[in-house]
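Student: got a predicted model here, sequence first, then my questions.
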Amino acid sequence: MRTNASDKGFTLIELLVVILIIAILAAIAVPIFIRQRDKALVSQVTAALKDAATAIETYGTETLGNFAGVNGATSNPANAAYGILTGRGYRKNVDVSIVVATSDSDSQYCITATHAGLDSHPWEVATYNSSDGSPRPNDVDACP
């Protein structure tokens, strides 16, 4: 398209086509990136629940299935029962806080985890109930 050998640079149309291609690629990539980020945050919640459940189960084997000592445990280091969890392998996630509640007979437990970065997401608050043994969003299985 150039007629003069001294012309240098790109035409306006060429620049606009390149900008349009970059915009289309960004429109495709950004939603995928956001979904991947949400999946990573949900994984943090489920990992925190499973980590706490493993620590509580370890405690339960030491106390013949009595979980009374972990009732009211939280991921706050000032909480008395927090030491029971950390002494059995629980590692606190910075963005996930947990609360443990036991049944009236102290033979079952339920863990509630809240993720600070999952606003208005189904997994923002999730639970792990020892009776069914898997993490679930709070709207599916809330602790009693």
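Tutor: Received the coordinates, thanks. Model, not experiment: these values are computed from the prediction.
Student: for the protein, which segments count as helices?
Tutor: 12-62, 82-86 (DSSP state H).
Student: export those helices to TSV and tack on distance to residue 93?
Tutor: Just so you know, the C-beta spots here come from the backbone N, C-alpha and C atoms, and that holds for glycine as well. Below are those laid out as TSV (distance: least, CB to CB, whole Å):
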stretch	distance to residue 93
helix 12-62	5
helix 82-86	13
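Student: mind checking these for the one nearest to residue 143?
Tutor: Minimum separation from residue 143 across the helices of the chain (CB to CB) falls at helix 12-62, 11.5 Å.
Student: avg pLDDT for that closest one?
Tutor: Helix 12-62 shows a mean pLDDT of 94.
Student: could you shift the numbering so residue one becomes 516, and keep it that way?
Tutor: Fine by me, first position is 516 from now on; the one you just mentioned is helix 527-577.
Student: helices or strands up against that helix?
Tutor: helix 597-601, strand 611-617, strand 624-630, strand 640-644, strand 650-652 (3 or more CB pairs under 8 Å, 6 or more residues apart in numbering; DSSP states H and E).
Student: now do 6 Å
Tutor: With contacts taken as 3 or more CB pairs under 6 Å, 6 or more residues apart in numbering; DSSP states H and E, helix 527-577 sits against strand 611-617, strand 624-630, strand 640-644.
Student: as TSV, those strands with mean pLDDT and mean neighbour count would be great.
Tutor: TSV is the format used below for those (pLDDT from 0 to 100; neighbours: other CB atoms under 10 Å):
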stretch	mean pLDDT	mean neighbour count
strand 611-617	94	21
strand 624-630	94	22
strand 640-644	93	23
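Student: burial count for residue 567?
Tutor: 28 (other CB atoms under 10 Å).
Student: quick one, phi/psi of residue 586?
Tutor: Per-residue torsions, residue 586: phi -60, psi 130 (degrees, to the nearest 10).
Student: now it: closest residue in space, sequence neighbours ignored.
Tutor: Closest residue to residue 586 apart from its sequence neighbours, by CB to CB, 6 or more residues apart in numbering: residue 617 at 4.2 Å.
Student: ok, now residue 605?
Tutor: Distance criterion CB to CB, 6+ apart; nearest residue to residue 605, sequence neighbours excluded, is residue 570 at 3.9 Å.
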